[in-house]
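have a look; sequence and predicted model below, questions after that.
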Amino acid sequence: MLRSIVLDELQSSADAVELDPEVAATLRDTGLVTVLPAHGGLWTVLPAGTVGAVQVGNLLVEVTPKQKVGLSRLLFLLGYAENPGFRPEDVAGIEDTDLFAALGESLARQGLRALERGALNGYVHVEDALRTVRGRIRVGDQMTRRPGMLLPLEVAYDDFTVDIAENRILRAAVRLMMQVPRLSGDVRWKLAHLDSKLDGVSELRFGATLPPWTESRLNEHYVPALRLAEIILRNMSAEAGIGRHSVASFVVNMAKVFEDFVTTSLREALDGYPGETSGQYATFLDESEVGQTGNRLRMSVDIVHSVRGVPAMVFDAKYKAASAADGYPNADYYQMLAYCTALTVPTAWLIYAGPGQARTRRVTNSSVSIVEFPLDISQVPAALLARVKALAEAAYREWLVTGLVMARDSSCGPRSP
């Protein structure tokens, strides 16, 4: 019988539970939860700063995101952060129930739809040593590797094959999902059927960089399955057995997902305005002293939009706001003030994950303003992206107005007291 433990990512306490020591150690190693010994041989299981699910044998542990962000919304954030071409319909219909069951069913459904007409074929560049001429002879390699030998020949040719990037990604995700314990018989049969339809496709080594592919008219029917397969391969692991237990985990760092999503979506939203947007913009807080080149205070700003090469807008994504519980309730504002001061930017945009209205704080005895801009990630994708576009428009408008005011004030000269 499947046991279930469900935790909220902000949860700070929980009742002690009975666990096998081997299961406790395995849970701890996944990084989803912290597992601490309690009284009487029991264990305390608490969130470790990530969200997702881990299944060890007959125990399922889930950590749910704040704001009740469901699985389909989480997958959209993950997909869009990697590729702004990711469409909401790529994860439509995924129910927010058991995470592994939902992922398995969705991959099977999207995969079968992609392979309705059979596996996709394409041209792959091949370099090989053959006893017959095929394609063109690589004369340089032939002379270097086989001086004085006529055979075998070093050749290069384009092969029309099923062993292409799209099929490798899809098959790797299918085989990984097949290792997840306790999937329904129907889903497991569908995944096995998909694997058989991809016969002849080489395997990807677990953890290897995914091969690149480009969306086109020829593979457009593959795209939803490929987007989901990439998410699974980047965030999930499954092993047939560790000790006496089979293990599957899907673990996501929501702070990084939020930061990546904001960076990608804001870059897209600002693309229609003059300038360019950079993520993790490198700069220094202090000036360089004469004769000293090292030991400067480095800063990495989440997002900076520059116009004509000069920083104009500063953004910082915070999945969780600083609080009194952290010991530094105003740390986010100090950070934004430092960014604005170092980059000579009058307004900083502090983007929080949560509902609410924007609020501006003017810093005392300075020309710096900090705008708190909440972004409700529980919204449907269209509304979420519209909110990011509104942010880009507000930031650009603020930059224009501030620039006009500064230009007017400088032209007027100093004011009399």
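Noted; the coordinates are in hand. Because the structure is a prediction, the values reported are computed rather than measured. Numbers count the residues shown, from 1 in each chain.

look at the closest residue to residue 156 other than its chain neighbours and report its pLDDT.
Nearest residue to residue 156, sequence neighbours excluded (Cβ to Cβ, 6 or more residues apart in numbering): residue 127, at 4.8 Å. Where C-beta positions appear, they are placed from N, C-alpha and C, glycine not excepted. Note on residue 127: pLDDT of 74.

which of the three states applies to residue 127?
Here residue 127 is recorded as strand under DSSP: H, G, I helix; E, B strand; the rest coil.

my guess is it contacts residue 138. True?
Yes: assessed by Cβ atoms under 8 Å, residue 127 is found in contact with residue 138 at 6.8 Å.

got the CA positions of the helix or strand hosting residue 299 in PDB?
Following DSSP states H and E, the helix or strand that holds residue 299 is strand 298-307. Taking Å, rounded to 0.1, in the frame of the first residue of the first chain, the C-alpha atoms of strand 298-307 are listed here in PDB:
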ATOM      1  CA  ARG A 298      31.700  41.900  -7.600                       C
ATOM      2  CA  MET A 299      28.000  42.000  -8.200                       C
ATOM      3  CA  SER A 300      25.800  39.900 -10.500                       C
ATOM      4  CA  VAL A 301      22.500  41.700 -11.300                       C
ATOM      5  CA  ASP A 302      19.700  39.400 -12.400                       C
ATOM      6  CA  ILE A 303      18.500  41.500 -15.300                       C
ATOM      7  CA  VAL A 304      19.800  44.700 -16.800                       C
ATOM      8  CA  HIS A 305      18.400  46.400 -19.900                       C
ATOM      9  CA  SER A 306      20.900  48.700 -21.500                       C
ATOM     10  CA  VAL A 307      20.200  51.400 -24.100                       C
END
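
I'd like to know which elements the helix or strand that it is followed by is packed against.
Per DSSP H and E, the first helix or strand lying C-terminal to strand 298-307 is strand 310-318. Identification of packing neighbours for strand 310-318 by 3 or more Cβ pairs under 8 Å, 6 or more residues apart in numbering; DSSP states H and E yields helix 254-270, strand 298-307, helix 331-343, strand 347-353, helix 381-412.

just confirm residue 200 is within a strand.
No: counting by three-state DSSP, residue 200 falls outside a strand, being coil.

please name the nearest non-neighbouring residue to it.
Nearest one to residue 200, counting by Cβ to Cβ, 6+ apart, is residue 162 at 5.0 Å.

what's the burial count for the one you found?
Residues within reach of residue 162, counting by other Cβ atoms under 10 Å, total 19.

quick one: it from residue 202, how far?
10 Å (Cβ to Cβ, to the nearest Å).

how many neighbours does the residue nearest to residue 156 have?
Neighbours of residue 127 (other Cβ under 10 Å): 11.

rewinding a little: what sits in contact with each of residue 127 and residue 138?
154, 155, 156 (Cβ atoms under 8 Å, 6 or more residues apart in numbering).

OK, contacts around the second one?
Yep, that's residue 155 we're talking about. For residue 155, counting by Cβ under 8 Å, 6+ apart, the contacting residues are 127, 128, 129, 130, 133, 134, 135, 136, 137, 138.

can we see that at 7 Å?
Neighbour list for residue 155: 128, 130, 133, 134, 135, 136, 137, 138 [criterion: Cβ atoms under 7 Å, 6 or more residues apart in numbering].

confirm the third one sits in a strand?
Going back to what we said before, that points to residue 133. No: remark: residue 133 does not belong to a strand; assigned using three-state DSSP, it is coil.

and it, what does it touch?
For residue 133, counting by Cβ under 7 Å, 6+ apart, the contacting residues are 153, 155.

just the C-alphas of the helix or strand where residue 234 lies, formatted as PDB.
Take DSSP H and E as the rule and residue 234 turns out to sit in helix 223-235. C-alpha atoms of helix 223-235 as PDB (Å, rounded to 0.1, in the frame of the first residue of the first chain):
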ATOM      1  CA  VAL A 223       7.100  19.500 -30.500                       C
ATOM      2  CA  PRO A 224       4.700  19.000 -27.500                       C
ATOM      3  CA  ALA A 225       6.200  15.500 -26.800                       C
ATOM      4  CA  LEU A 226       9.800  16.900 -27.100                       C
ATOM      5  CA  ARG A 227       9.200  19.800 -24.800                       C
ATOM      6  CA  LEU A 228       7.800  17.500 -22.100                       C
ATOM      7  CA  ALA A 229      10.600  15.000 -22.700                       C
ATOM      8  CA  GLU A 230      13.200  17.700 -22.100                       C
ATOM      9  CA  ILE A 231      11.600  18.800 -18.900                       C
ATOM     10  CA  ILE A 232      11.600  15.200 -17.600                       C
ATOM     11  CA  LEU A 233      15.200  14.500 -18.600                       C
ATOM     12  CA  ARG A 234      16.400  17.800 -17.000                       C
ATOM     13  CA  ASN A 235      14.600  17.400 -13.700                       C
END
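
look up how far residue 383 lies from residue 272.
19 Å.

one more: residue 332?
25 Å.

more neighbours, the two?
For residue 332 versus residue 383, neighbours defined as other Cβ under 10 Å are more numerous around residue 332 (20 against 10).
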